[in-house]
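[1] build me a structure from this.
(2 chains)
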2 protein chains.
Amino acid sequence: MKTGDRPSWLETLSLPPPSLSDNTADQERLIGALQKRFGEGAVQLDADLLADLPARLRRWKFDLRCVLVPDGRAWHVCGLTGIKDPAPLCGLAIDLGTTRIVLSLLDLETGQILQEASFDNPQGVIGPDVLTRIHYADQNDGLQNLNRLVIDGLNGMIEALCGQAEIARDRIVLLALAGNTAMTHLFMGLDPHWIIREPYIPVVNRPGIRTARSLGLEVARGAQVIIFPNIGSYFGGDLIAGILYSDLDRREQTALLVDVGTNAEVVLGNRHWMVACAGAAGPALESGVSRIGTTARPGAIDQVRITGPERRFTLRTIEGAPPVGICGSGVIDLAAQLFASGMIDIQGRFVPAACGARLIQSDGEQRLVVAEAETTASGEALTIGQADLDSLIRSKAAMYTILETITEAVGMTPRELEMFYVAGTFGVFIDPRSAITIGMLPDLPLACYRPLGNSSLEGAKKVLTQPSSLERVDGIRDRITYMELNVNQDFMNRFSAAKFLPHTNPGLFPSAPQPQLAQGAPS
Amino acid sequence: MKTGDRPSWLETLSLPPPSLSDNTADQERLIGALQKRFGEGAVQLDADLLADLPARLRRWKFDLRCVLVPDGRAWHVCGLTGIKDPAPLCGLAIDLGTTRIVLSLLDLETGQILQEASFDNPQGVIGPDVLTRIHYADQNDGLQNLNRLVIDGLNGMIEALCGQAEIARDRIVLLALAGNTAMTHLFMGLDPHWIIREPYIPVVNRPGIRTARSLGLEVARGAQVIIFPNIGSYFGGDLIAGILYSDLDRREQTALLVDVGTNAEVVLGNRHWMVACAGAAGPALESGVSRIGTTARPGAIDQVRITGPERRFTLRTIEGAPPVGICGSGVIDLAAQLFASGMIDIQGRFVPAACGARLIQSDGEQRLVVAEAETTASGEALTIGQADLDSLIRSKAAMYTILETITEAVGMTPRELEMFYVAGTFGVFIDPRSAITIGMLPDLPLACYRPLGNSSLEGAKKVLTQPSSLERVDGIRDRITYMELNVNQDFMNRFSAAKFLPHTNPGLFPSAPQPQLAQGAPS
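    Next up is the predicted model:
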């Protein structure tokens, strides 16, 4: 059953009107015409579309447009409209993030984006991370509560989005949702208990398509939701969507895609093969270092420059707001600049001679002032301690070790990669030069690094606008070989070597700057 | 996709438990094992079965029994239980009659009937017949009300039935429902408006299987309902079930099956071909003649004998209760006896000389006393008028004309039939000799007549206990050629000839008794 080269999910149909000599029922009349068009595969009409089918068919004089999606061996009709109806049939792409949920409403015929919106995942009230929520799901009604939070949140946002776009909610007939495995389970109301327990078994790998009604989403009757599949508990539909968006699965040249969060999820491959793995990278890369860390929001320091012999700090914040903290990409920039300017050594330890007055004593430990009190939003200095730096270095070492392990598993070295995609907000903000400087990402020409932005959302949009990409989704899922990252002695040796700046073997990072010698005092 | 010779819908499975090296999700683990067993066709698990699948699989130590039904090109898992669970997985057969609804609860593994029950179709409060209900469905909320009446009624009855059988409702995982096209539409909440309007188009011919939840039935999560297909507005799933039960579609010899109600629905054929038609037979055959007519209930006169030269009446009533009226089979008996005894003539008109004192004047018309006042339940005489007899004769003439038309359409005459099945209560009570006497049924050897009883319910039970019969249902539906009964001049000529007792050509009914000459007075 192939989607072929259909330009969109819409089909235009003209049914022969019924007569005494052609008294086939309305459902079978519609299905018969569709089956003639598609040639293979059963065609099914959701019961929700049947109730008023007779009245609609007659109002439309049997000329109509409809939306069909394939699942398994059947095509499911999920939307119907009269051929002269001016309002578009719409799709809704959903990036279901642990922290943030992003929606994109689009015209299924033209692919045009009608409206986008995002909101914090309402499950945040239970806990900020996946682990807390999964433990909460074990409590009485815990799973139901988590499910209701996200479904209610989505319904509210869909209503708002449709209001802004001046589109009735019942014009949304096809949805596509990409999220990590745990978030997708909670969205479907599935017990996530075993996701985080050895041997880490999800309830579902291939959710396929589900009716919006069965999920509790308030959109058109009969609407279907394409839910991106996962490879396992630690490699979710958001990554599959990212691969689809990047076209990694279609390229002749080998590329790597990484999504950086608490876990680093990595896929490596080309049109012939793909391997994937996931490993704990530590929280430092997602929301920055402990005390002053923050997600990428207005006021988050996302770029740091330390210039001149006086080591002058120039900070850039998101939207130029007064500093409120430092985000993941900012921390990498900071560490790279501290190292390049000689303020930290190859082990990431403060070099007092170079840090000068910026190194202060606070709560019994040495901390480096990143932003002076008079410049910040709170009026208090933003400082970073040795423990924060150590945490960052462990994260970057884990990251590099994962990349090195997966590339060497296929007989390559990281520096042989021809394309390096970085997913998510992190990918947009990170400066690859800084990441190379600290030895977190391999020393590739900068042109090889491609930020993908919200590739989870973009993948979901792609499925709604290019029917052939739905087949690719299943193909990607089935073609990926998932490698369980065995934290064995070999891995630990690599990890130890990667805990230096940039590495115990600086030859791996020839373009990383040589640190300045400690001299003079910082400004 | 074949059900093959499976002895029941149950499959026993032993899944390999998950491990780090086999971390397939629970759903895919189950589906994979089933796909290995079935070899072809997609296997789908209803979302309702997923929520607690992880906990159940682990409680059962991955040994389980499950029920799967095929639909289109996929197998649907509709029930799961642990291999050691003592309670049976159950099926529920439903005969959805316009007047009466009958339920049969059975063990899906053994086929054993656990409990049966019946109740009046609660839609009766809206109107006794299909037509009234369809008109009511056009009103605001009319369709919803009708749907709610039957669904609520079924849920109440299911609860009572399960209580009596000491079976939890959530052990019912597979249901099969057979009813006429209109009742089936109202059950599914589908607009029946066009069923009774030219060109008589149902919403659905092949409802296939539906989740019990989507229909509002309160049984096991994930349970599926097999809904018998129809051939058109006037040939419903109850008839398809009857064909299945009678094995008409498998016999080498040609047989005819008739279901008599307001409409006479007829199917004629054998294992090689089947033709069907339906035509208005008038209400006389269903609930008897107007004033004293009644459905088959306690006190209904179901047999009449007129004996001896004094024409003594001997009445039999259902359950021997005092007469309350006369049911369809009783009216046929009465007419046959009146004719044989010379009390009515070849045109069905009273012969006063033979009727004697039984013929009285009432409300300005001649009426014949069937049961004297002192013998009846109400204390008033049960009488029949000329108009009642005329109505009966039109009905029997229509019936015979339909039978004659369909048999001659395939180049046979009615007397060449080798088997004649009569469905429903009517078939149980009718005396074929009486029906032959008045020329309503063809003059076949009495051994050819087979009452089927509630063949709609029996067909539904068969589907639940013999998996291979589900394929037959679709095969029967697709193989039947439906003949639109054109009421043309030829039909009207046949009808006119059939309006005599037994017929203008008595040679067609050689075994019908010659009427007694009118002589003497009745007792």
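
[2] the closest residue to A:Leu143 other than its chain neighbours: what's it in contact with?
    Nearest non-adjacent residue to A:Leu143, counting by CB to CB, 6 or more residues apart in numbering or on different chains: A:Ala137, 4.4 Å away. Placement of C-beta: from N, CA and C, glycine included. When contacts are counted by CB atoms under 8 Å, 6 or more residues apart in numbering or on different chains, A:Ala137 touches A:Leu143, A:Leu146, A:Leu186, A:Asp191, A:Pro192, A:His193.

[3] so the second one makes contact with A:Arg133?
    So the one you mean is A:Leu146. Yes: contact criterion CB atoms under 8 Å: A:Leu146 and A:Arg133 qualify, at 5.9 Å.

[4] between the two, which contacts overlap?
    Contacts common to A:Leu146 and A:Arg133, judged by CB under 8 Å, 6+ apart, are A:Gln123, A:Ile126, A:Leu186.

[5] at the geometric centre of chain A, which residue sits there?
    Nearest to the mean C-alpha position of chain A, by CA atoms, centre = their mean, lies A:Ser456 at 4.1 Å.

[6] distance of that one from A:Asp259?
    With distances taken as CB to CB, to the nearest Å, A:Ser456 is found 8 Å from A:Asp259.

[7] give me the common contacts of these two.
    A:Asp238, A:Leu239, A:Gly242, A:Ala423, A:Gly424.

[8] tell me the one of these nearest B:Arg349?
    The closest of the shared contacts of A:Ser456 and A:Asp259 to B:Arg349 turns out to be A:Asp238 (CB to CB; 85.5 Å).

[9] quick check: next helix or strand after whatever helix or strand A:Met157 lives in?
    Assigned by DSSP states H and E, A:Met157 falls within helix A:142-165. Going down the chain from helix A:142-165, the next helix or strand is strand A:172-179, by DSSP H and E.

[10] give me the angle between that following strand and helix A:142-165.
    Counting by axes from the mean of the first three to the mean of the last three CA atoms, to 10 degrees, strand A:172-179 lies at 130 degrees to helix A:142-165.

[11] please see if strand A:172-179 touches chain B.
    No: in terms of CB under 8 Å from any CB of the partner chain, no part of strand A:172-179 sits within range of chain B; the closest distance is 14.1 Å.

[12] A:Ala212 is in contact with A:Asp46, correct?
    No: A:Asp46 is beyond contact range of A:Ala212, at 9.7 Å (criterion: CB under 8 Å).

[13] the more surrounded of the two?
    In this view A:Asp46 and A:Ala212 are compared by other CB atoms under 10 Å in any protein chain shown, and A:Ala212 has more residues nearby, 25 against 19.

[14] measure A:Val173 to chain B for me?
    18 Å (CB to the nearest CB, to the nearest Å).

[15] one more: A:Leu389?
    34 Å.

[16] pretty sure that residue is in a strand, no?
    No: counting by DSSP: H, G, I helix; E, B strand; the rest coil, A:Leu389 is not part of a strand but helix.

[17] neighbours of it, how many?
    Burial of A:Leu389 is recorded as 24 neighbouring residues (other CB under 10 Å).

[18] any idea of the pLDDT on it?
    Per-residue confidence (pLDDT) for A:Leu389: 91.

[19] follow-up on the earlier one: tally of neighbours for the residue lying closest to the residue nearest to the centre of chain A once chain neighbours are set aside?
    Once flanking residues are discounted, A:Ser456 sits nearest to A:Asp238: 3.8 Å by CB to CB, 6+ apart. By other CB under 10 Å, 31 other residues sit near A:Asp238.

[20] and what of A:Val463?
    Neighbour tally, A:Val463, other CB under 10 Å: 27.

[21] residue boundaries of the strands in the stretch 301-450 of chain A?
    Secondary structure of the stretch 301-450 of chain A (DSSP state E, counting those that start in this stretch): strands located at A:312-317, A:325-326, A:359-362, A:365-371, A:382-385, A:419-423, A:449-453.

[22] which strands and helices sit next to the fourth one?
    Packed against strand A:365-371, as judged by 3 or more CB pairs under 8 Å, 6 or more residues apart in numbering or on different chains; DSSP states H and E, are the following elements: strand A:300-307, strand A:312-317, strand A:359-362, strand A:382-385, helix A:386-409.

[23] nearest to B:Ile201, out of those?
    The minimum distance between B:Ile201 and these falls on helix A:386-409, with 60.1 Å, by CB to CB.

[24] give the contact list for whichever residue of the stretch 251-400 of chain A sits closest to chain B.
    Ranked by CB to the nearest CB, the top residue of the stretch 251-400 of chain A for proximity to chain B is A:Ala278, at 12.3 Å. Applying CB under 8 Å, 6+ apart, we find A:Ala278 in contact with A:Tyr234, A:Phe235, A:Asn263, A:Ala264, A:Glu265, A:Val266, A:Leu485.

[25] what is the burial count for A:Phe350?
    If we define neighbours as other CB under 10 Å, then A:Phe350 has 20 of them.

[26] same question, the one 3 residues further on
    A count of neighbours around A:Ala353, defined by other CB under 10 Å, yields 15.

[27] tell me the pLDDT at it?
    93.

[28] residues of the stretch 101-250 of chain A that sit close to chain B?
    Counting by CB under 8 Å from any CB, the residues of the stretch 101-250 of chain A close to chain B are A:143, A:188-191, A:193-194, A:198-206, A:208, A:210, A:214-215, A:230, A:232-233.

[29] out of those residues, list just those in helices.
    Judged by DSSP state H, helices contain the following of those: A:Leu143, A:Met188, A:Ser214, A:Leu215.

[30] pretty sure A:Arg133 sits against A:Gln123.
    Yes: counting by CB under 8 Å, A:Arg133 touches A:Gln123, with 5.6 Å between them.

[31] list residues touching both of the two?
    A:Leu146, A:Leu186.

[32] the helix or strand encompassing A:Asn493 close to chain B?
    Assigned by DSSP H and E, A:Asn493 belongs to helix A:489-497. No: using CB under 8 Å from any CB, helix A:489-497 never reaches chain B; the gap is at least 15.7 Å.

[33] out of the contacts of A:Ala278, which is nearest to A:Thr254?
    Among those, A:Val266 lies closest to A:Thr254 (CB to CB), at 12.9 Å.

[34] the nearest residue to the closest one once chain neighbours are set aside: neighbouring residues, count only.
    Nearest residue to A:Val266, sequence neighbours excluded (CB to CB, 6+ apart): A:Val258, at 4.9 Å. Applying other CB under 10 Å, we find 25 other residues in the vicinity of A:Val258.

[35] swap in A:Ile393?
    A:Ile393 has 24 neighbours, counted by other CB under 10 Å.

[36] and A:Pro451, by the same measure?
    16.

[37] that one contacts A:Ile430, correct?
    Yes: counting by CB under 8 Å, A:Ile430 is a contact partner of A:Pro451 at 7.4 Å.
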